[in-house]
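Asks: Predicted model and sequence follow; I will ask about them next.
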Amino acid sequence: MRQANHKFSTSTSGKGLYNITREITSWVTRQKVNTGLLTIFIPHTSASIVIQENADPDVLRDLNEYFQRLVPEGDTNYLHRSEGPDDMPAHIRSALTQTQISIPVNSGNPSLGTWQDIYLFEHRKQSHTRLIHLHLIGQ
Amino acid sequence: MRQANHKFSTSTSGKGLYNITREITSWVTRQKVNTGLLTIFIPHTSASIVIQENADPDVLRDLNEYFQRLVPEGDTNYLHRSEGPDDMPAHIRSALTQTQISIPVNSGNPSLGTWQDIYLFEHRKQSHTRLIHLHLIGQ
Amino acid sequence: MRQANHKFSTSTSGKGLYNITREITSWVTRQKVNTGLLTIFIPHTSASIVIQENADPDVLRDLNEYFQRLVPEGDTNYLHRSEGPDDMPAHIRSALTQTQISIPVNSGNPSLGTWQDIYLFEHRKQSHTRLIHLHLIGQ
């Protein structure tokens, strides 16, 4: 049994879903771990990780737009406004989605479903560089 | 330290929560792993995994009904409509819940709380066969 | 490769976020595991685990208030009312957040981001004693 760790960064340019599957699966493949568990962790509180449909780009657009409506900017109930009108909604969107996802690894690859890809879900309007941590344990 | 993997499928017949605890715990018990970590992963983007109360069936009904209201079908904001009016809501419901849950294993069993059971949360109206991946690591 | 397990309890006094980072990281540090994976699991269905911003306490207040509005008490749609008006909302709030979070461990510490802390999110009004399970695997 052994472990491997990896960190990489992704540039985002506004709210929405960014496909990070290829970077993740290519790293996993290089580790030559046949069977194991992959963990994806995002060390931010205004961006998150989701697994979503990879077939129709409208799904990604609709998902982001839904979160815009569910957690609107400019809600006068928010006390936390010093970092901009999109910051408190970003924290709420993070709590409603995932900070971490683990995926079983079989035959050297994360066992994603046919229609699944891994996305960084950016919740801030401005451009950001986001870090992703990967951890793999197996043999 | 060792690992085990398992896949099984469950039939669903419409939106709602389906108890998959017994199938999961009986598999874990058979692995004879005293201490470890169990991971439950669903390779779909329109069904998810949640841990919920197992005592009152009304909780499961209320939870599903709440998600019907929170993510309504027929929202004219959705561009993704080609797979039916329940498909885009299904993807959103998946993002709002979990694609994966890990549970510590102690004394050979997942350490669920007294009132906790593991549910497949189906988000589509029609009948589906859903796959579940299990991964166990421990000793 | 080795494992460690730990359980601890936290007292809560009403809905809101309770910082449990120090108790978790001090236990991890004592295990002398340099590289690994930490899993935090809550064996309850009316309290959850979230990673949130640790800088401005208003974020925690706003997050809790948002969930009060998103999942209101006294919704006449709920059938499950026998345990009080805050119980069904508590189960829904749990489903919308996380029952478990795993964090990679590097250099003997959970690799949290600068602004991240780990919170128990209490969803009930009355005082509770909440249990937290920790599982660590690594070397």
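Replies: The structure has been received and is ready for your questions. Numbering: from 1, shown residues only, chains lettered A, B, ... in the order given.
Asks: all strands of chain A, in order?
Replies: Counting by DSSP state E, chain A has strands at residues A:2-13, A:16-19, A:36-41, A:47-53, A:100-106, A:109-110, A:116-122, A:127-138.
Asks: hey, which of those strands is tucked in deepest?
Replies: Most buried of the strands of chain A by mean neighbour count (mean count of other CB atoms under 10 Å in any protein chain shown) is strand A:36-41; its value is a mean of 26. For the C-beta atoms, the positions are set from N, CA and C on the backbone; glycine is no exception.
Asks: which ones are touching A:H133?
Replies: Listed by CB atoms under 8 Å, 6 or more residues apart in numbering or on different chains, the contact set of A:H133 reads A:N5, A:H6, A:K7, A:T39, A:I40, A:F41, A:I42, A:P43, C:P104, C:S111.
Asks: let's go with 7 Å and repeat that
Replies: A:K7, A:F41, A:P43, C:P104, C:S111 (CB atoms under 7 Å, 6 or more residues apart in numbering or on different chains).
Asks: Spatially nearest residue to the fourth one, not counting backbone neighbours?
Replies: In space, C:P104 comes closest to A:H135 once its chain neighbours are excluded; the distance is 3.9 Å by CB to CB, 6 or more residues apart in numbering or on different chains.
Asks: A:V33 and A:Q139: what is the separation?
Replies: The spacing between A:V33 and A:Q139, counted by CB to CB, to the nearest Å, is 7 Å.
Asks: Which one's more surrounded, those two?
Replies: Using other CB atoms under 10 Å in any protein chain shown as the criterion, A:V33 and A:Q139 rank with A:V33 on top: 21 against 14.
Asks: From what I see, that one and A:V105 are in contact.
Replies: Yes: the pair formed by A:V33 and A:V105 meets the contact definition of CB atoms under 7 Å, at 6.1 Å.
Asks: from chain A, which residue is nearest to chain C?
Replies: A:P43 (3.0 Å; CB to the nearest CB).
Asks: What count of nearby residues applies to that residue?
Replies: By other CB under 10 Å, the residues close to A:P43 number 21.
Asks: Identify the residues contacting A:L70.
Replies: Applying CB under 7 Å, 6+ apart, no residues qualify as near A:L70.
Asks: That one and A:H80, how far apart?
Replies: For A:L70, the distance to A:H80 - CB to CB - is 18 Å.
Asks: likewise A:M1?
Replies: Separation of A:M1 from A:H80 (CB to CB): 44 Å.
Asks: where does chain A come near chain B, residue by residue?
Replies: A:1, A:35-37, A:50-53, A:56, A:58-59, A:61-63, A:65-66, A:96-97, A:101-104, A:106, A:111-113, A:115-116, A:137-138 (CB under 7 Å from any CB of the partner chain).
Asks: Near chain C, which residues of chain A are found?
Replies: A:1, A:3, A:5, A:39, A:41, A:43-45, A:77-80, A:88, A:91-92, A:95-96, A:99-100, A:102, A:133, A:135, A:137.
Asks: who does the residue nearest to C:P104 bridge with?
Replies: Beta-bridge partners recorded for A:H135 (DSSP bridges): A:N5, A:T39.
Asks: likewise A:I118?
Replies: If you apply DSSP bridges, the partners that A:I118 bridges to are A:I51.
Asks: looking at it, A:R124 is touching A:M88, isn't it?
Replies: No: applying CB under 7 Å, one finds A:R124 not in contact with A:M88, separated by 11.2 Å.
Asks: residues contacting the closest residue to A:W115 other than its chain neighbours?
Replies: With CB to CB, 6+ apart as the criterion, A:W115 has its nearest non-adjacent residue at 5.1 Å, and that residue is A:E53. Contacts for A:E53 (CB under 7 Å, 6+ apart) come out as A:V59, A:W115, B:T45, B:H91.
Asks: What about those residues, which are in helices?
Replies: Using DSSP state H, the members of those that fall in helices are A:V59, B:H91.
Asks: Can you tell me how far the closest residue to A:P89 other than its chain neighbours is from A:Q52?
Replies: Nearest residue to A:P89 in three dimensions, chain neighbours excluded: A:V71, at 4.3 Å (CB to CB, 6+ apart). According to CB to CB, A:V71 stands 18 Å off from A:Q52.
Asks: Over to A:E73?
Replies: A:E73 sits 23 Å away from A:Q52, going by CB to CB.
Asks: cool, A:A90 as well?
Replies: Counting by CB to CB, the gap from A:A90 to A:Q52 is 18 Å.
Asks: Could you tell me how many residues sit around A:W27?
Replies: 15.
Asks: That one and A:I132 touch, don't they?
Replies: No: using CB under 7 Å as the test, A:W27 is too far from A:I132 to be in contact (10.1 Å).
Asks: what's the overlap in contacts for the two?
Replies: Here A:W27 and A:I132 have no joint contacts, going by CB under 7 Å, 6+ apart.
Asks: Let me know the pLDDT of the one residue sitting closest to the centre of chain A.
Replies: For chain A, the residue sitting closest to the mean C-alpha position, by CA atoms, centre = their mean, is A:I49 at 2.2 Å. At A:I49, the model reports a pLDDT of 98.
Asks: Ok, the one 3 residues further on next?
Replies: Note on A:Q52: pLDDT of 97.
Asks: so who does it touch?
Replies: A:L17, A:V59, A:L60, A:L63, A:D117, A:Y119, B:T45, B:H91, B:A95.
Asks: redo that, cut-off 6 Å
Replies: Applying CB atoms under 6 Å, 6 or more residues apart in numbering or on different chains to A:Q52 gives the contacts A:Y119, B:T45.
Asks: Chain B versus the residue of chain A closest to chain C, what's the distance?
Replies: 19 Å (CB to the nearest CB, to the nearest Å).
Asks: so what's that residue closest to, chain neighbours aside?
Replies: The spatial neighbour of A:P43 that comes closest, neighbours along the chain excluded (CB to CB, 6+ apart), is C:G113 at 3.0 Å.
Asks: Could you report the pLDDT at that neighbour?
Replies: 98.
Asks: Phi, psi for it please.
Replies: For C:G113, the backbone dihedrals (degrees, to the nearest 10) come out as phi -70, psi 170.
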